[in-house]
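J.: A structural model of the following input is requested.
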Amino acid sequence: MPVTKSFSRPFAPKAPLAAAACLAVAAALGCDSGKLKIYPVAGAVKLPDGSPLAGGRVEFQLIDNPHMVTSRGYIASDGSFSLSTFEIGDGAPAGKHQVVVAPPVPKGDHDSNPRTRSIIDPKYLDYQTSGLEYEVGDDASLNRFEIVVERNKGR
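T.: Residues are numbered from 1 along each chain as shown. Modelled structure (predicted):
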């Protein structure tokens, strides 16, 4: 009696879904270059008294499509930052962004709650509560932002 082998394709039904997802991402990124257009963005994070927030990170997320891309930058000791999306220092896509700021973690304090150890108000840790919004445009000279964050009142 001949033995017949049956090959199942358990992932075959997912292939059209994966292809559709790839096409959607490609369309969102733009058909011209296959890559989202990015513009240089830099600035500084300061406290209300004008002193720099030394360390930490800043993140910009597009409001119109928050799941598509997030641009990040580390805050230097003088409070300055530059954003990166695909490559270091390349910037962020044009559009209105919500912004979060995460302060530096105090040395030896990696296990405590970031909301209580933070030197800045914990509202800046969340896009929904930060209240920070900035518009990135195609003119790099206008993409310099001074972000002022309040101190943590509970500290």
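J.: drop to CA atoms for contacts and neighbour counts, all remaining ones
T.: Will do.
J.: Could you list the low-confidence segments of this protein?
T.: In the predicted model, the chain carries pLDDT under 70 at residues 1-35, 66-67, 107-117, 155.
J.: Now do the helices in it.
T.: Along the chain, the stretches classed as helices by DSSP state H are 14-29, 114-117, 127-130.
J.: What is the burial count for residue 49?
T.: When neighbours are defined as other C-alpha atoms under 10 Å, residue 49 has 9 of them.
J.: again, but for residue 70
T.: 20.
J.: show me what contacts residue 129?
T.: Listed by C-alpha atoms under 8 Å, 6 or more residues apart in numbering, the contact partners of residue 129 are residue 123.
J.: meant to ask about residue 39
T.: 90, 91, 92, 93, 94, 136, 137, 138, 139, 140.
J.: got it, and residue 68?
T.: By C-alpha under 8 Å, 6+ apart, the contact list for residue 68 reads residue 62.
J.: before we move on, what about residue 48?
T.: Applying C-alpha under 8 Å, 6+ apart to residue 48 gives the contacts 148, 149, 150, 151.
J.: Any figure for the gap between the first one and residue 138?
T.: Meaning residue 148. Here the criterion is C-alpha to C-alpha, to the nearest Å. By it, residue 148 lies 23 Å from residue 138.
J.: same check, this time on residue 43
T.: Note on residue 43: its distance to residue 138, by C-alpha to C-alpha, is 16 Å.
J.: how about the strands in this structure?
T.: 38-39, 42-46, 57-62, 70-74, 80-82, 92-93, 95-102, 132-136, 144-148 (DSSP state E).
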